[in-house]
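K.L.:
show me how the following folds:
(chains A and B)
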Number of protein chains: 2
Amino acid sequence: MTTAKRDTYTPETLLSVAVRVFNERGYDGTSMEHLSKAAGISKSSIYHHVSGKEELLRRAVSRALDGLFAILEEEHARAGRPAGRLEHVVRRMVEVLIAELPYVTLLLRVRGNTETERWALERRRDFDHRVAELLKAAAADGDVRGDVEVRLATRLVFGMINSIVEWYRPDARGASGQEVADAVVRLVFSGLRQD
Amino acid sequence: MTTAKRDTYTPETLLSVAVRVFNERGYDGTSMEHLSKAAGISKSSIYHHVSGKEELLRRAVSRALDGLFAILEEEHARAGRPAGRLEHVVRRMVEVLIAELPYVTLLLRVRGNTETERWALERRRDFDHRVAELLKAAAADGDVRGDVEVRLATRLVFGMINSIVEWYRPDARGASGQEVADAVVRLVFSGLRQD
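P.N.:
Just a heads-up that it's a prediction; the model follows:
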């Protein structure tokens, strides 16, 4: 039996419930009924806060995207040699991914079936492009190897970073977010080989 | 209208149709009806070849797993210093992933809802463990950096390699399988930084 709670949600707290359900069931597989059950409030209470599940998706992926784009505005991402700026961006991407884990997880699972999903994919591509441009500039300086094509290198580095959502859990006894960020920066820039 | 084809399938060719449908719809979301429509033969014709969709899943993920485990039996994976053996395994993992792209894609999406899926996850863990042991041995030799914990480094390297299934397409005008394998070996062992 579902016990209806008094609706004490704000759009912000409702969002965290929605993101959990979207990540568990997939966005396409989530109905307003599922959201209502998970939040313990009626569907009409949810409609009091948001226009529907697509608005919740838009708010959720915006949070992830805003976190990522904000990195590019940070001083260390804007000043200095491109290779140093790139290193800052890689480290901060890992930190933002871990700080906003459910939101970034959802962003990475977006497939493009709705207008909001296509918009999110477009913004992801913009972000990837900005990072690829930094890598290109660092390679032009001779600070980054020139024997791996920029687009391919960007994809592989993003692949490593994005894979963290598959296994990182904040309560795990494993590596801390800081250790993961350090490890990624070491591997991406210097590789496994002992110098 | 679906035109029923004469059943000219073998278990092998039926498998390639099933893997495509599993990757498109998800294994859970695929019914025998979907498989019958995609293959253009009746459900009873499918049952003539296999006991059901779980057998198709088992055959498909076995093909991926057998390809990966066979790498560990290759001479260059067994002889020489652990760091050299590890480099061989990393290169060959990329090659097998690309050669068996739909099968490895399916393997990486397995979630553990059925006995076959749990068995596949278990074998994946065995494989990951064998590679982690090589990395550990290479670090003990001093050939691989000791400042990134072995389990974490293994996860990040597998993350980079496995992410290739998300974008690699054999008919793309992009990088060839060989270029991707070279790029992964360079990045994993030496990183982006120009020496």
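
K.L.:
helices of chain A, start to end?
P.N.:
Using DSSP state H, the helices of chain A run over A:11-25, A:32-39, A:43-49, A:53-73, A:75-78, A:82-99, A:101-109, A:115-140, A:150-162, A:177-190.

K.L.:
for chain B, find the nearest of the ones you listed.
P.N.:
Taking Cβ to the nearest Cβ, helix A:150-162 is the member of the helices of chain A nearest to chain B, at 2.6 Å. For every residue, glycine as well, the C-beta is placed using N, CA and C.

K.L.:
using PDB, list the CA coordinates for that closest one.
P.N.:
As requested, the backbone C-alpha atoms of helix A:150-162 are provided in PDB (Å, rounded to 0.1, in the frame of the first residue of the first chain):
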ATOM      1  CA  VAL A 150      42.600  14.900 -31.900                       C
ATOM      2  CA  ARG A 151      39.100  13.600 -32.400                       C
ATOM      3  CA  LEU A 152      40.100  10.100 -31.500                       C
ATOM      4  CA  ALA A 153      42.200  11.100 -28.500                       C
ATOM      5  CA  THR A 154      39.200  13.300 -27.200                       C
ATOM      6  CA  ARG A 155      36.800  10.300 -27.600                       C
ATOM      7  CA  LEU A 156      39.200   8.000 -25.700                       C
ATOM      8  CA  VAL A 157      39.800  10.400 -22.900                       C
ATOM      9  CA  PHE A 158      36.100  11.200 -22.500                       C
ATOM     10  CA  GLY A 159      35.500   7.400 -22.600                       C
ATOM     11  CA  MET A 160      37.800   6.900 -19.600                       C
ATOM     12  CA  ILE A 161      36.200   9.800 -17.700                       C
ATOM     13  CA  ASN A 162      32.600   8.900 -18.400                       C
END
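
K.L.:
got the angle between it and helix A:115-140?
P.N.:
Interaxial angle, helix A:150-162 versus helix A:115-140 (axes from the mean of the first three to the mean of the last three Cα atoms, to 10 degrees): 120 degrees.

K.L.:
anything in helix A:150-162 near chain B?
P.N.:
Yes: using Cβ under 8 Å from any Cβ of the partner chain, helix A:150-162 reaches chain B at A:151-153, A:155-162.

K.L.:
what residue is smack in the middle of chain A?
P.N.:
Centroid check for chain A by Cα atoms, centre = their mean gives residue A:104 as the closest residue, at 2.5 Å.

K.L.:
looks like that residue contacts residue A:64 (just checking).
P.N.:
Yes: counting by Cβ atoms under 8 Å, residue A:104 touches residue A:64, with 4.6 Å between them.

K.L.:
residue A:15 and residue A:164: what is the separation?
P.N.:
22 Å (Cβ to Cβ, to the nearest Å).

K.L.:
which of these two has more neighbours?
P.N.:
Neighbours were tallied for residue A:15 and for residue A:164 using other Cβ atoms under 10 Å in any protein chain shown; the higher tally belongs to residue A:164 (25 against 21).

K.L.:
quick one: residues contacting that one.
P.N.:
A:94, A:97-98, A:180, A:184, B:156, B:159 (Cβ atoms under 8 Å, 6 or more residues apart in numbering or on different chains).

K.L.:
also residue A:19?
P.N.:
For residue A:19, the contact set (Cβ under 8 Å, 6+ apart) comprises A:56, A:60, A:102-103, A:106.

K.L.:
could those go into CSV alongside distance to chain B, pLDDT and neighbour count?
P.N.:
Output for the contacts of residue A:19, formatted as CSV (distance: Cβ to the nearest Cβ, whole Å; pLDDT from 0 to 100; neighbours: other Cβ atoms under 10 Å in any protein chain shown):
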residue, distance to chain B, pLDDT, neighbour count
A:56, 22, 97, 26
A:60, 21, 97, 27
A:102, 18, 97, 18
A:103, 19, 98, 24
A:106, 16, 98, 24
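
K.L.:
now the residue lying closest to residue A:190 once chain neighbours are set aside: how far from residue B:11?
P.N.:
Distances taken as Cβ to Cβ, 6 or more residues apart in numbering or on different chains put residue B:191 closest to residue A:190, at 4.3 Å, once the chain neighbours are dropped. Residue B:191 is 44 Å from residue B:11, where distance means Cβ to Cβ.
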